[in-house]
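> Kindly generate the corresponding structure for this input.
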Amino acid sequence: MSTTRLQRHARRQRTSPPCPETDTLAVIQLIITGWSKSYRGGPGAEERNRVPEAELLLLPEETIPEPAFVIHSARHEFNQGEVWSMFWSDRLPESPCEVRSLAEPTSLGSFKLRFHEERLHLDYTWLDDEGMPKRYSQQDLLSLSKGQWGRVRINARHSHFFTTLGWDSSEWWYEKWVLNVGLFSQRDARVFLDTQPVKTVSMMEPLW
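This next block holds a predicted model:
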(Lines give C-alpha, C1' and ligand atoms only; values in the text may rest on other atoms or scores of the structure.)
Protein backbone atom coordinates (compact mmCIF):
# COMPACT_ATOMS: atom_id res chain seq x y z
CA MET A 1 0.00 0.00 0.00
CA SER A 2 1.46 3.40 -1.01
CA THR A 3 2.08 6.19 1.47
CA THR A 4 -0.86 8.16 0.04
CA ARG A 5 -3.23 5.21 0.36
CA LEU A 6 -1.99 4.60 3.93
CA GLN A 7 -2.70 8.21 4.80
CA ARG A 8 -6.22 8.04 3.32
CA HIS A 9 -6.88 4.78 5.18
CA ALA A 10 -5.74 6.34 8.45
CA ARG A 11 -7.97 9.39 7.88
CA ARG A 12 -11.01 7.17 7.22
CA GLN A 13 -10.37 5.26 10.45
CA ARG A 14 -10.18 8.50 12.43
CA THR A 15 -13.34 10.00 10.93
CA SER A 16 -15.56 6.91 10.58
CA PRO A 17 -18.36 6.69 13.18
CA PRO A 18 -17.84 4.10 15.91
CA CYS A 19 -19.51 0.73 15.53
CA PRO A 20 -22.92 0.63 17.25
CA GLU A 21 -23.01 -0.95 20.69
CA THR A 22 -24.53 -4.38 20.64
CA ASP A 23 -25.60 -4.63 24.30
CA THR A 24 -29.00 -3.11 25.01
CA LEU A 25 -30.31 -3.31 28.55
CA ALA A 26 -33.64 -1.85 29.57
CA VAL A 27 -33.24 -1.67 33.33
CA ILE A 28 -36.18 -1.27 35.68
CA GLN A 29 -35.79 -0.82 39.41
CA LEU A 30 -39.13 -1.10 41.19
CA ILE A 31 -39.13 0.03 44.83
CA ILE A 32 -42.39 -0.61 46.66
CA THR A 33 -43.20 0.68 50.12
CA GLY A 34 -46.34 -0.79 51.70
CA TRP A 35 -47.82 0.37 54.99
CA SER A 36 -50.84 -0.24 57.18
CA LYS A 37 -53.13 2.32 58.84
CA SER A 38 -50.89 2.90 61.87
CA TYR A 39 -48.17 4.27 59.57
CA ARG A 40 -50.36 6.91 57.93
CA GLY A 41 -49.01 9.80 60.00
CA GLY A 42 -46.70 10.85 62.81
CA PRO A 43 -43.62 8.74 63.59
CA GLY A 44 -44.90 5.93 61.36
CA ALA A 45 -45.02 8.21 58.34
CA GLU A 46 -41.54 9.52 59.13
CA GLU A 47 -40.22 5.95 59.28
CA ARG A 48 -41.69 4.81 55.98
CA ASN A 49 -40.71 8.04 54.25
CA ARG A 50 -37.07 7.20 54.91
CA VAL A 51 -37.22 4.46 52.28
CA PRO A 52 -34.98 5.76 49.45
CA GLU A 53 -36.25 6.25 45.91
CA ALA A 54 -33.09 4.67 44.48
CA GLU A 55 -31.03 1.70 45.63
CA LEU A 56 -27.98 -0.20 44.52
CA LEU A 57 -29.17 -2.00 41.41
CA LEU A 58 -29.39 -5.77 41.61
CA LEU A 59 -28.08 -7.21 38.34
CA PRO A 60 -27.74 -10.84 37.21
CA GLU A 61 -24.26 -12.28 37.57
CA GLU A 62 -24.56 -14.49 34.49
CA THR A 63 -24.12 -13.31 30.92
CA ILE A 64 -27.28 -11.95 29.35
CA PRO A 65 -27.43 -13.60 25.90
CA GLU A 66 -29.65 -11.08 24.13
CA PRO A 67 -31.08 -7.55 24.46
CA ALA A 68 -33.19 -7.75 27.58
CA PHE A 69 -35.34 -6.18 30.24
CA VAL A 70 -33.64 -6.51 33.63
CA ILE A 71 -36.11 -6.00 36.48
CA HIS A 72 -34.94 -5.42 40.04
CA SER A 73 -37.78 -5.31 42.59
CA ALA A 74 -37.35 -4.28 46.24
CA ARG A 75 -40.11 -4.37 48.85
CA HIS A 76 -40.39 -2.53 52.18
CA GLU A 77 -43.32 -3.35 54.48
CA PHE A 78 -44.53 -1.38 57.50
CA ASN A 79 -47.33 -3.31 59.17
CA GLN A 80 -48.48 -3.65 62.77
CA GLY A 81 -50.73 -6.59 61.96
CA GLU A 82 -53.82 -4.57 61.04
CA VAL A 83 -54.17 -6.35 57.69
CA TRP A 84 -53.33 -9.81 56.48
CA SER A 85 -50.32 -10.29 54.24
CA MET A 86 -50.16 -7.80 51.40
CA PHE A 87 -50.76 -9.60 48.13
CA TRP A 88 -47.63 -8.42 46.34
CA SER A 89 -46.81 -11.95 45.19
CA ASP A 90 -49.63 -11.90 42.63
CA ARG A 91 -48.63 -8.55 41.16
CA LEU A 92 -44.84 -8.52 41.14
CA PRO A 93 -41.94 -10.58 39.76
CA GLU A 94 -41.28 -13.70 41.80
CA SER A 95 -37.53 -13.06 41.90
CA PRO A 96 -35.81 -9.85 43.11
CA CYS A 97 -33.87 -9.89 39.82
CA GLU A 98 -35.59 -11.08 36.67
CA VAL A 99 -34.52 -11.05 33.01
CA ARG A 100 -37.08 -10.87 30.20
CA SER A 101 -36.64 -10.59 26.44
CA LEU A 102 -36.66 -7.11 24.97
CA ALA A 103 -38.45 -8.42 21.86
CA GLU A 104 -41.88 -8.22 23.52
CA PRO A 105 -43.44 -5.58 25.80
CA THR A 106 -43.40 -6.37 29.51
CA SER A 107 -45.72 -5.26 32.30
CA LEU A 108 -45.45 -4.39 35.97
CA GLY A 109 -48.88 -3.76 37.40
CA SER A 110 -50.47 -0.95 35.39
CA PHE A 111 -47.17 -0.05 33.73
CA LYS A 112 -46.09 -1.43 30.36
CA LEU A 113 -42.60 -1.11 28.94
CA ARG A 114 -41.84 -1.49 25.25
CA PHE A 115 -38.73 -1.05 23.14
CA HIS A 116 -39.49 0.59 19.80
CA GLU A 117 -37.29 2.37 17.25
CA GLU A 118 -34.29 2.34 19.58
CA ARG A 119 -36.21 3.99 22.42
CA LEU A 120 -37.65 2.68 25.66
CA HIS A 121 -41.27 3.68 26.26
CA LEU A 122 -43.21 3.48 29.54
CA ASP A 123 -47.03 3.53 29.30
CA TYR A 124 -49.64 3.56 32.07
CA THR A 125 -53.12 1.95 31.99
CA TRP A 126 -54.97 1.83 35.30
CA LEU A 127 -56.15 -1.62 36.42
CA ASP A 128 -58.75 -2.08 39.14
CA ASP A 129 -56.44 -4.21 41.28
CA GLU A 130 -53.81 -1.48 41.28
CA GLY A 131 -55.49 0.59 43.97
CA MET A 132 -57.41 3.84 44.32
CA PRO A 133 -57.80 6.57 43.29
CA LYS A 134 -58.19 5.75 39.63
CA ARG A 135 -55.72 7.48 37.30
CA TYR A 136 -56.05 8.37 33.64
CA SER A 137 -54.20 6.15 31.19
CA GLN A 138 -51.17 7.80 29.62
CA GLN A 139 -48.80 6.74 26.87
CA ASP A 140 -45.14 7.66 26.97
CA LEU A 141 -44.88 8.70 30.58
CA LEU A 142 -41.22 8.18 29.73
CA SER A 143 -39.56 7.93 26.33
CA LEU A 144 -35.85 7.28 26.69
CA SER A 145 -32.92 6.95 24.35
CA LYS A 146 -29.80 4.96 25.19
CA GLY A 147 -27.90 6.37 28.15
CA GLN A 148 -30.99 8.01 29.68
CA TRP A 149 -33.15 7.10 32.64
CA GLY A 150 -36.28 8.48 34.26
CA ARG A 151 -38.35 8.07 37.42
CA VAL A 152 -42.06 7.60 38.05
CA ARG A 153 -43.65 7.64 41.49
CA ILE A 154 -47.25 6.70 42.27
CA ASN A 155 -49.25 5.85 45.40
CA ALA A 156 -52.54 4.03 46.03
CA ARG A 157 -54.89 2.71 48.67
CA HIS A 158 -55.48 -1.03 48.36
CA SER A 159 -58.14 -3.51 49.39
CA HIS A 160 -58.47 -7.23 48.78
CA PHE A 161 -61.90 -6.47 47.26
CA PHE A 162 -61.89 -5.12 43.73
CA THR A 163 -65.51 -3.93 43.49
CA THR A 164 -66.50 -0.33 44.08
CA LEU A 165 -68.08 -1.26 47.42
CA GLY A 166 -64.93 -3.13 48.34
CA TRP A 167 -63.06 0.12 48.79
CA ASP A 168 -65.23 0.75 51.85
CA SER A 169 -63.88 -2.41 53.51
CA SER A 170 -62.25 -1.97 56.89
CA GLU A 171 -59.24 -3.95 55.66
CA TRP A 172 -56.91 -1.88 53.53
CA TRP A 173 -53.30 -0.79 53.14
CA TYR A 174 -51.28 1.73 51.18
CA GLU A 175 -48.46 1.50 48.66
CA LYS A 176 -45.96 3.80 47.03
CA TRP A 177 -44.28 2.61 43.86
CA VAL A 178 -41.11 4.14 42.50
CA LEU A 179 -39.94 3.00 39.07
CA ASN A 180 -36.45 3.93 37.99
CA VAL A 181 -36.30 3.07 34.30
CA GLY A 182 -33.28 3.36 32.00
CA LEU A 183 -31.86 2.23 28.68
CA PHE A 184 -28.16 1.41 28.81
CA SER A 185 -25.38 -0.34 26.92
CA GLN A 186 -23.49 -1.59 29.96
CA ARG A 187 -24.14 -2.71 33.50
CA ASP A 188 -23.74 -0.18 36.29
CA ALA A 189 -25.15 -1.09 39.68
CA ARG A 190 -24.86 2.51 40.91
CA VAL A 191 -26.41 4.27 37.94
CA PHE A 192 -29.58 5.30 39.81
CA LEU A 193 -27.54 6.46 42.80
CA ASP A 194 -24.77 8.39 41.07
CA THR A 195 -26.66 10.08 38.21
CA GLN A 196 -29.86 12.11 37.85
CA PRO A 197 -33.00 11.20 35.87
CA VAL A 198 -33.70 13.13 32.69
CA LYS A 199 -37.37 13.25 33.70
CA THR A 200 -39.40 12.61 36.87
CA VAL A 201 -43.14 11.97 36.75
CA SER A 202 -45.09 12.20 40.02
CA MET A 203 -48.54 10.61 40.18
CA MET A 204 -48.91 10.97 43.95
CA GLU A 205 -52.39 11.67 45.30
CA PRO A 206 -53.82 12.41 48.79
CA LEU A 207 -54.83 9.11 50.40
CA TRP A 208 -57.37 8.63 53.16
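> what sits against residue 69?
Residues in contact with residue 69 (Cβ atoms under 8 Å, 6 or more residues apart in numbering) are 26-28, 99-102, 106, 113. For the C-beta atoms, the positions are set from N, CA and C on the backbone; glycine is no exception.
> quick one: which of the residues you listed is nearest residue 176?
residue 28 (16.2 Å; Cβ to Cβ).
> looking at it, the closest one is touching residue 70, isn't it?
Yes - using Cβ atoms under 8 Å, residue 28 is in contact with residue 70, at 7.2 Å.
> which SS class is residue 46?
Under DSSP: H, G, I helix; E, B strand; the rest coil, the three-state class of residue 46 is helix.
> quick revisit: mind checking which of the contacts of residue 69 are buried?
Buried subset of those (neighbour count, 16 or more other Cβ atoms under 10 Å): 26-28, 99-100, 102, 106, 113.
> Need the max-distance pair from these.
So, these by Cβ to Cβ: farthest apart are 99 and 113, at 13.5 Å.
> Give me the below-cutoff pLDDT ranges for this protein.
Counting by pLDDT under 70, the chain has low-confidence residues at 1-22, 83-91, 160-170.
> Go ahead and flag the most central residue of it.
With distances taken as Cα atoms, centre = their mean, the residue of the chain nearest its centroid is residue 179 (3.1 Å).
> What pairs with the host helix or strand of that residue, parallel or antiparallel?
For residue 179, the enclosing helix or strand under DSSP states H and E is strand 172-184. Strand pairing for strand 172-184, using DSSP bridges, gives strand 25-35 (antiparallel), strand 148-159 (antiparallel).
> Pull out the buried residues from the longest one.
The reference is to strand 148-159. 148-156, 158-159.
> ranges for the strands of this protein?
25-35, 68-78, 97-101, 106-108, 111-116, 119-124, 138-144, 148-159, 172-184, 199-203 (DSSP state E).
> Out of those strands, which gets nearest to residue 130?
strand 148-159 (6.3 Å).
> sorry, back to before: nearest to residue 52, out of the strands paired with strand 172-184?
So among the strands paired with strand 172-184, strand 25-35 is nearest, using Cβ to Cβ, at 7.5 Å.
> so how far is that closest one from its chain's centroid?
5 Å (Cα atoms, centre = their mean, to the nearest Å).
> and the strands paired with strand 172-184 as TSV, adding distance to residue 49?
Shown next, in TSV, are those (distance: least, Cβ to Cβ, whole Å):
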stretch	distance to residue 49
strand 25-35	9
strand 148-159	12
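> Out of those, flag the one nearest residue 92.
Nearest of the strands paired with strand 172-184 (Cβ to Cβ): strand 25-35, 7.3 Å.
> and the angle for that closest one with strand 138-144?
In terms of direction (axes from the mean of the first three to the mean of the last three Cα atoms, to 10 degrees), strand 25-35 departs from strand 138-144 by 120 degrees.
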